[in-house]
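Peer 1: sequence first, predicted coordinates after that:
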Amino acid sequence: MLKNRKNIRIEWGDCDPAGIIFFPRYFVYFDACTHALLERAGCRQRDMQSEYGPLGFPTVDVRARFILPTRYDDDVFVESGVTKFGRTSFEVQHRLYKGDALAVEAFETRVCVALIGEKPGKMEARPIPPEFVRKLSEQKA
């Protein structure tokens, strides 16, 4: 499966008064990492919408295991990749490293959806386009 690596510097605004990252910030990082992975695969949101209709990939489940704290001014990196495809959903694994040590491991489940009807916000699950699965399943250097 395709993997992406994203470097992140922990900023002061990401931290609590003790200088340790406030845990919801990790989920902001992981969302950005998922979008970076999709872009690397050639599946940018805007392109997917124009090619397959008004698609989106909202998160329906997220969980994390916090192993080591990260602090202000730490340089970390996140490796992200899809671990499983379903008919309408896929799972992304994120592994955040501080140096060589795994600091956080997280999983997101995202669902492929399209807007339906005229009411804003009304969505339904749609099968994941085969091209999307193919692109995210490729190995890239």
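Peer 2: Sure, I can see it.
Peer 1: my guess is residue 55 meets residue 111, correct?
Peer 2: No - with contact defined as C-beta atoms under 8 Å, residue 55 does not reach residue 111; the gap is 10.4 Å. From N, CA and C alone the C-beta is placed, and that goes for glycine too.
Peer 1: per-residue pLDDT, the residue nearest to the spatial centre of the chain?
Peer 2: Residue closest to the average C-alpha location in the chain (C-alpha atoms, centre = their mean): residue 34, at 2.4 Å. Note for residue 34: predicted pLDDT of 96.
Peer 1: just give the closest residue to it, not the sequence neighbours.
Peer 2: Leaving aside its sequence neighbours, residue 34 sits nearest to residue 92 (C-beta to C-beta, 6 or more residues apart in numbering; 5.3 Å).
Peer 1: now do the contacts for residue 31.
Peer 2: Contact partners of residue 31, counting by C-beta atoms under 8 Å, 6 or more residues apart in numbering, are 59, 108.
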